[in-house]
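Participant: Sequence plus the predicted model coming up.
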Amino acid sequence: MNCIDLIRKKRNGEKLSRKEINYLISAYTKGTIPDYQFSAFLMAVFFQGMDFEETTDLMLAMMYSGKTLDLSDIKIAKIDKHSTGGVGDKVSLILAPLIASCGVCVPMISGRGLGHTGGTLDKLESIPGFKTNLSVKQFKCQLKKIGVAMIGQSAEIAPADKKMYALRDVTATVDSIPLIAASIMSKKLAEDLDGLVLDIKFGSGAFIKDYKNAKYLAQTMIEINKRSGVNVIAILTDMNNPLGSYVGNSLEIIETIEALKGRGPKDLMEITFALGKAMLKLAKIKGGKNLLEKKIVSGEALNKFKEIICCQGGDIRIVKDYSRLPVAKNRIKVIAQKTGYIYHIDTFDIGMLLVQLGGGRLKKEDKIDPSYGFKINKKIGDYVKKGECLVEIISNNKTKAKTVVKQMHDVFAIHKTPCRRKKLIRETIWR
Ligand code: URA
């Protein structure tokens, strides 16, 4: 088979066969198709799309590019959650220990920061010593020991997604429904799950901005999962605001710990509880939100987080002493230029400004500074007085921070008339 012919075929809007998709994914994973050719293929998919059959074949080829787990010797329900990506979205970090503390096994395979969105792995790695590159053997061993482990795609599990994810990030091919659906489901179905909860985000801070397309993404993921026997619940959630009060890797770890101590912000906890309830439902565990709240109040959820940190080599002292996390000392305020109501926030731009600051990646080889980020003081619908602080820029690079301050002003649209805050949770779709 010839890669150029297949790129041309997709570019011309033709359907690829299973054999052709298998060839492309296997050759790219092995390194026999170079990045520049595969980028062209991704762009062809971006413009021409894929039907459900092609997307299923793509997902399966990506899943079988590595090992799939056999967790049949773990007898409790195995449930995971995945988000399509947002800004300030640290829900996975809270849910993994919280749900595990309810007696559910959570084998979580996550991603790195992609485009304007942050990544669970980057956030975890801001904890000194924390390792996300466990071998399959270590991953299974930890699941048996404490019921939860958090790792990334690796040379062993979904290696095709690891390579493709990084390439998509730097070739403007992230926001494609078949590519997102196959990327997420290839990792998740490799985990040998009983159930999966999907947080499908729409709005200015999501990859898929409009609700109708986000719903189509949810339907695609449910459709390509049909043959797997895994029960899926997809929840469509609003990403027009950054989630919670902090954006940035180590800052989001602090906010996660605060949430596990019972001090999480309202919006973050609303999404956490909605997704958590769905995970418990799939695990057939009764109690819903009450049970989740109890596990937080009793300290069991926080203890489980400490167990994860300990097992994965991190410094457990960060839970009590946040000064052990890398947090930049310098803060610059972004001040409102007029009085009124926040009626729009360009949440995508907030994510990109973090990349510009150095807290996210522009190229796949880029190193990020986990200590940089933003404290978000105002959300859509809030009243703000001229001179009040909208956002704090937390960064030691004063020159870059000053440029970001200027651009951050354009992110907030302030109007005289009050505007209503939209519902955070829009719709739940079952398999
Ligand atoms: N999360 C993923 O794992 N993959 C995507 O393509 C987007 C978000």
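Facilitator: Yep, it's here.
Participant: Near the ligand, which residues of the stretch 151-300 of the chain? Just list them.
Facilitator: When proximity is defined as C-beta under 6 Å from any ligand atom, the stretch 151-300 of the chain approaches the ligand at 165, 179, 180, 183, 184. All C-beta atoms are positioned from the backbone trio N, CA, C, and that covers glycine.
Participant: So for the fourth one, what's the nearest residue that isn't a sequence neighbour?
Facilitator: Leaving aside its chain neighbours, residue 183 sits nearest to residue 161 (5.3 Å; criterion: C-beta to C-beta, 6 or more residues apart in numbering).
Participant: can you map out the strands along the stretch 1-150 of the chain?
Facilitator: Applying DSSP state E, counting those that start in this stretch to the stretch 1-150 of the chain gives strands spanning 79-83, 106-110, 148-152.
Participant: Would you convert the ones you listed into CSV that also reports mean pLDDT and mean neighbour count?
Facilitator: As requested, the strands of the stretch 1-150 of the chain are exported to CSV (pLDDT from 0 to 100; neighbours: other C-beta atoms under 10 Å):
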stretch, mean pLDDT, mean neighbour count
strand 79-83, 96, 27
strand 106-110, 94, 26
strand 148-152, 94, 25
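Participant: Of all the ones you listed, which one is nearest residue 188?
Facilitator: Comparison of the strands of the stretch 1-150 of the chain against residue 188 by C-beta to C-beta identifies strand 79-83 as nearest, at 5.8 Å.
Participant: Show me the shaky parts of the chain.
Facilitator: Counting by pLDDT under 70, the chain contains low-confidence ranges at 364, 431.
Participant: bridging residues for the closest residue to residue 430 other than its chain neighbours?
Facilitator: Using C-beta to C-beta, 6+ apart and skipping the chain neighbours, the partner closest in space to residue 430 is residue 233 (5.8 Å). Beta-bridge partners of residue 233, counted by DSSP bridges, are residue 197, residue 430.
Participant: from here on, count from 58
Facilitator: Noted, 58 is the first residue going forward, which turns the last one into residue 290.
Participant: Look at the closest residue to the ligand within the stretch 158-307 of the chain and say how many residues are nearby.
Facilitator: When scored by C-beta to the nearest ligand atom, the stretch 158-307 of the chain has residue 240 as its residue closest to the ligand, at 3.5 Å. Close neighbours of residue 240, defined as other C-beta atoms under 10 Å, add up to 27.
Participant: Residues touching stretch 339-347, excluding its own?
Facilitator: Applying C-beta atoms under 8 Å, 6 or more residues apart in numbering, the contact partners of stretch 339-347 are 133-134, 136, 156, 159-161, 251-254, 288, 290, 330, 333-334, 337-338, 348, 351.
Participant: if you set the cut-off to 7 Å instead, what comes out?
Facilitator: Contact partners of stretch 339-347, identified using C-beta atoms under 7 Å, 6 or more residues apart in numbering, comprise 134, 136, 159-161, 251-252, 254, 288, 290, 330, 334, 337.
Participant: buried ones in that stretch?
Facilitator: For stretch 339-347, burial by neighbour count (16 or more other C-beta atoms under 10 Å) applies to 339, 340, 342.
Participant: For the second one, which non-adjacent residue is closest in space?
Facilitator: In this structure, residue 340 finds its nearest non-sequential neighbour in residue 134, 3.8 Å apart by C-beta to C-beta, 6+ apart.
Participant: Spit out the contact partners of the residue nearest to residue 487.
Facilitator: Shown in contact with residue 290 (C-beta under 7 Å, 6+ apart): 254, 335, 339, 485, 487.
Participant: Switch those over to a markdown table; also include distance to residue 295.
Facilitator: Below are the contacts of residue 290 laid out as a markdown table (distance: C-beta to C-beta, whole Å):
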| residue | distance to residue 295 |
| --- | --- |
| 254 | 17 |
| 335 | 17 |
| 339 | 23 |
| 485 | 14 |
| 487 | 20 |
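Participant: What subset of those residues is buried?
Facilitator: Neighbour-count burial (16+ other C-beta under 10 Å) applied to those gives 254, 335, 339.
Participant: domain ranges for the chain?
Facilitator: 60-106, 136-378, 385-472 (automatic domain parsing).
Participant: Before I go, just wanted to say thanks for your time.
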